[in-house]
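Student: predicted model, plus sequence, below.
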Amino acid sequence: MALSAQDKILYVANKLGLSTLGQMQGSTGAVYDVDTDISGQIFSSASRHQNPGVTNITENQFEVNEALLVEAISFYVKNEAGNVLNFQSVYGSNAVLVFDLIIGNKRTMKDTPVFAAGTPYTFANTGQRTIASGVDVVTALSPRNQIFMEGAGILIPPQVQWYVDYRIFDVVTGATISATDTTNIGCYLFGTRVLLNFNTSI
Amino acid sequence: MSQVGKLGYVDSKLGAPTSGQQTTRILFNTIEAPGTTSSLSFFKNFQGLTNGQTNLTQNKLDSMESMVIKTIWLSQFSTSGILTAIGGLAQQTLSIIVGNQTVVKNLPIQFNQGTNGQAFDRLHEQGGAETTNIIGGTALIQIAMPCEIRLLTDIVIPPQVAFEVRIESNAAAYGTGAVVCALAGYGKIFSAGSSF
């Protein structure tokens, strides 16, 4: 039988000596942030970002007894008006985002591509867009730019810093594509969440 | 058996290291300007490719790395970046060779493409979606979806064993842009732990 998300969290917590993590509130959650500096890193400067317009965290580490088992990672574009846009519809189908997920001083995902045309694990398109006004027919597909983790995900433990390192390329020519102020890259980390629960201690 | 169990089982049978960072691994390789041909070989040539066209430098994983192939992903782009059906509408077959063994043999790929797709499994209901676009697709207006096949069995690429993905057809047209193949699944990457 495959390892469940809860089992994986408790396994890692036990390895790290986090004996009380199992008593906390289990939940589902996601964290997000945008690389507004165009530095190639997401989440590392979250403490300086507007909440919740740009990010929903105050720093890139969880507090005591909070954690996130990352089960899906997805990327999007945020323009200067603050709108969240589909990666493909801004960068084009031929763009590919290659990223690493670093937790503490460890690279837990390595040179992982997210194809704008729809990553592996697409299975479905996220939506169908009508481009021309007044035209009823669907004229474009918005693919998912999302990685679903195989196995049981990767745990971000409490009080350990994490960030996503990324580069964008044109997969046809191999050339690097630079983000701009109007095409900032954002990232969601979604999965099983552990929330601090004081129980009877307060 | 889960992917995690299968990888551990094969690694132990081969005497390969079972430690390392567990992760989700996606390997990819690009062939530039393939033109019209009867055979494409992915993960064979890495010369001249940038980090945006492949994430390997040779056709094998490092000594402490291994992975399960669970998903095969294929795409074709025109020179202007428009996503099109791989090989057009021509019937094509895909084989994966690991070491000296064929582990996927002549699997038809058309079943999961837009227009002519007949998905074998329910997961791909819209994986091969394509829309009839009255204004025509561009790089920014995508009207098709990539080809993707979710394997029913977990196939392991062990450490330091050469592998290759081969697509065969009767002279299918792949254009002058690029074709990309990605292999995705559960994997292990080298982790120094406390050894450095």
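Tutor: Sure, I can see it. Numbers count the residues shown, from 1 in each chain, chains lettered A, B, ... in the order given.
Student: what helices or strands is the helix or strand where A:Thr192 lies leaning on?
Tutor: Taking DSSP states H and E as the criterion, A:Thr192 maps to strand A:184-195. Where contact means 3 or more Cβ pairs under 8 Å, 6 or more residues apart in numbering or on different chains; DSSP states H and E, strand A:184-195 is packed against helix A:5-16, strand A:25-34, strand A:41-42, strand A:67-78, strand A:162-170. For the C-beta atoms, the positions are set from N, CA and C on the backbone; glycine is no exception.
Student: closest residue of chain A to chain B?
Tutor: Per Cβ to the nearest Cβ, A:Phe169 is where chain A lies closest to chain B, at 2.0 Å.
Student: for that residue, give its distance to B:Ile86.
Tutor: 20 Å (Cβ to Cβ, to the nearest Å).
Student: the closest residue to B:Ala90 other than its chain neighbours in helix, strand or coil?
Tutor: Excluding the flanking residues, the one nearest B:Ala90 by Cβ to Cβ, 6 or more residues apart in numbering or on different chains is B:Ala172, at 3.8 Å. Secondary structure, DSSP: H, G, I helix; E, B strand; the rest coil: B:Ala172 is strand.
Student: more crowded one of A:Phe169 and B:Ile86?
Tutor: Neighbour count, other Cβ atoms under 10 Å in any protein chain shown: between A:Phe169 and B:Ile86, B:Ile86 has more, with 27 against 21.
Student: the residue of chain A closest to chain B contacts B:Gln53, correct?
Tutor: Yes. Between A:Phe169 and B:Gln53 a contact is recorded at 7.2 Å, counting by Cβ atoms under 8 Å.
Student: secondary structure class for B:Lys6?
Tutor: Secondary structure assignment for B:Lys6 (three-state DSSP): helix.
Student: could you pull up the residues touching it?
Tutor: Going by Cβ atoms under 8 Å, 6 or more residues apart in numbering or on different chains, B:Lys6 touches B:Val68, B:Asp154, B:Val156.
Student: so how far is chain A from B:Gly52?
Tutor: From B:Gly52 across to chain A, the span is 2 Å (Cβ to the nearest Cβ, to the nearest Å).
Student: for that residue, list the residues it contacts.
Tutor: Residues in contact with B:Gly52 (Cβ under 8 Å, 6+ apart) are A:Val96, A:Val98, A:Arg167, A:Ile168, A:Phe169, A:Asp170, A:Val171, A:Gly174, A:Ala175, A:Thr176.
Student: okay, and the beta partners of the residue of chain A closest to chain B?
Tutor: Taking DSSP bridges as the rule, A:Phe169 bridges to A:Val96, A:Thr176.
Student: mind pulling the model confidence for it?
Tutor: pLDDT for A:Phe169: 97.
Student: need the contact list for it.
Tutor: A:Ala95, A:Val96, A:Val98, A:Ala175, A:Thr176, A:Ile177, B:Thr50, B:Asn51, B:Gly52, B:Gln53.
Student: ok, the fourth one - how many residues close by?
Tutor: Burial of A:Ala175 is recorded as 13 neighbouring residues (other Cβ under 10 Å).
Student: with the last one instead?
Tutor: Around B:Gln53 sit 25 other residues, with neighbours defined as other Cβ under 10 Å.
Student: next, give phi and psi for B:Thr176.
Tutor: Per-residue torsions, B:Thr176: phi -110, psi 10 (degrees, to the nearest 10).
Student: so it touches B:Gly35, yeah?
Tutor: Yes. Applying Cβ under 8 Å as the test, B:Thr176 and B:Gly35 come out as touching, 6.7 Å apart.
Student: wait, the residue nearest to B:Ala90 touches B:Gly35, no?
Tutor: No. In this structure, B:Ala172 is not within contact of B:Gly35 by Cβ under 8 Å, at 10.2 Å.
Student: picking that back up, which pLDDT value belongs to the residue nearest to B:Ala90?
Tutor: Looking at B:Ala172, its pLDDT stands at 93.
Student: contact partners for it?
Tutor: Counted by Cβ under 8 Å, 6+ apart, B:Ala172 has contacts B:Thr36, B:Thr37, B:Ser38, B:Gly87, B:Gly88, B:Ala90, B:Gln92.
Student: buried among those residues? Make that a PyMOL selection.
Tutor: To isolate the buried ones among the contacts of B:Ala172 in PyMOL, judged by 16 or more other Cβ atoms under 10 Å in any protein chain shown, type:
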select buried, chain B and resi 37+87+88+90+92
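Student: how about TSV for the contacts of B:Ala172, with pLDDT and secondary structure added?
Tutor: Below are those laid out as TSV (pLDDT from 0 to 100; DSSP: H, G, I helix; E, B strand; the rest coil):
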residue	pLDDT	secondary structure
B:Thr36	96	strand
B:Thr37	96	strand
B:Ser38	95	strand
B:Gly87	89	coil
B:Gly88	84	coil
B:Ala90	86	coil
B:Gln92	90	strand
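Student: which of the contacts of B:Ala172 sit farthest apart?
Tutor: Farthest pair in the contacts of B:Ala172 (Cβ to Cβ) is B:Ser38 and B:Gly88. Separation: 13.6 Å.
Student: list only buried entries from the contacts of B:Gly52.
Tutor: Of the contacts of B:Gly52, these count as buried by 16+ other Cβ under 10 Å: A:Val96, A:Val98, A:Arg167, A:Ile168, A:Phe169, A:Asp170, A:Val171, A:Gly174.
Student: how far away is the last one from B:Gln47?
Tutor: Distance from A:Gly174 to B:Gln47, counting by Cβ to Cβ: 12 Å.
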